[in-house]
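# Here's a sequence, model it:
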Amino acid sequence: MHHLWKKLFFIAAVLLVFILPSSILAANKAIKPSLILNSIKQVSSQESSDEIYFIISDLYAKNNSFYTIPGSKPYFLKNRLPQPSRQEAFHYHLHWQDKYLSSLKNITFWTRKIENKQGTQLIVTLVEADAPPWDLDDTLGSVKINLMNVNGVLQSQFKAEKNAKLISQKSTSRSKRFTIRMQRGKASYQFVLTLKS
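Numbering: from 1, shown residues only. Model prediction:
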């Protein structure tokens with residue numbers, strides 16, 4: 001009987017020392033996921049030469065942010081200016097010419113620390129730039145990615161919005177890779193995004 005109590009005491013000690021603290025730490029663990037543009041290619045163009053950019057909308061509690069890639073966020077951060085409003089982000093964007101798209105590889109679009117039991121919604125919009133005010137920019141499509149930190153584990157849901165189509169999705173234990181096509185009018189682009197946890 002005395003031997004049985006020793007075994008039970010040993011098992012309880014192991015649980016308290018090794019397993020319980022790790023589960024408490026996991027429950028309080030913040031994560032820092034990132035969204036990366038792996039590649040982009042033009043399937044067909046809207047004009048003789050397209051200029052494109054992305055709008056990233058990060059809807060995180062009361063700390064929302066909107067910026068363009070390429071464009072406003074690096075400019076505002078480099079010059080220590082306040083983060084632009086959504087309207088300012090549209091006015092200060094830059095763009096990529098379609099002939100240079102094949103050289104774009106592994107560009108980090110977004111990263112954020114997410115506390116346990118919190119989440120955010122990312123909206124990635126592809127836009128073809130024109131010459132306002134007479135010719136306004138054309139939104140080619142957008143995707144929504146809902147993210148949630150559940151005890152240190154990233155959970156995600158992907159939704160293709162109007163003019164966007166999910167071509168394929170591949171998952172590993174640490175990432176999800178989405179191949180997306182966006183098309184409006186004659187313009188069609190296909191790109192690959194990776195969500196890393």
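
# What average pLDDT does the longest strand seen in the chain get?
Identified as the longest strand of the chain according to DSSP state E is strand 138-150. Per-residue pLDDT over strand 138-150 has a mean of 92.

# Next: stretch 169-178.
Mean predicted lDDT for stretch 169-178 stands at 92.

# Go ahead and measure how far that stretch is from the middle of the chain.
13 Å (Cα atoms, centre = their mean, to the nearest Å).

# Just the terminal-to-terminal distance for that stretch.
Using Cα to Cα, to the nearest Å, the end-to-end distance of stretch 169-178 comes to 5 Å.

# in that stretch, what counts as buried?
Buried residues in stretch 169-178, counting neighbours by 16 or more other Cβ atoms under 10 Å, are found at 176-178. (C-beta placed from N, C-alpha, C; glycine too.)

# Keep only those of those that are in helices.
Members of these lying in helices (criterion: DSSP state H): none.

# for those, which one is nearest residue 67?
Of all those, residue 67 sits closest to residue 178, with 20.3 Å by Cβ to Cβ.

# any idea how far that closest one is from residue 119?
To residue 119, residue 178 is 18 Å away according to Cβ to Cβ, to the nearest Å.

# re earlier: considering the buried residues of stretch 169-178, which is situated nearest to residue 94?
residue 178 (24.4 Å).

# Which residue comes closest to the closest one once chain neighbours are left out?
residue 193 (4.9 Å; Cβ to Cβ, 6 or more residues apart in numbering).

# What are the neighbouring residues in contact with the one you found?
Contact analysis of residue 193 by Cβ atoms under 8 Å, 6 or more residues apart in numbering lists 35-38, 109, 124, 143, 177-178, 180.

# The stretch of helix or strand it belongs to pairs with which strands, and in what direction?
Following DSSP states H and E, the helix or strand that holds residue 193 is strand 187-196. Strand 187-196 has these partner strands in its sheet, going by DSSP bridges: strand 34-44 (antiparallel), strand 175-184 (antiparallel).

# Could I get the CA-only coordinates of that strand as CSV?
Output of strand 187-196 as CSV, limited to C-alpha atoms (Å, rounded to 0.1, in the frame of the first residue of the first chain):
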residue,chain,number,x,y,z
ALA,A,187,-7.3,42.3,-65.9
SER,A,188,-6.4,38.9,-64.2
TYR,A,189,-3.7,38.2,-61.7
GLN,A,190,-2.7,35.1,-59.8
PHE,A,191,-0.6,35.2,-56.6
VAL,A,192,0.5,33.1,-53.7
LEU,A,193,0.1,34.1,-50.0
THR,A,194,1.5,32.2,-47.1
LEU,A,195,0.2,32.6,-43.6
LYS,A,196,2.8,31.6,-41.0
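
# Could you pull up the mean pLDDT of it?
Mean predicted confidence for strand 187-196 is 94.

# which residues of this protein fall in strands?
Using DSSP E, strands in the chain cover 34-44, 51-59, 65-69, 96-97, 107-111, 119-128, 138-150, 153-160, 164-171, 175-184, 187-196.

# out of those strands, which comes closest to residue 28?
strand 138-150 (10.5 Å).
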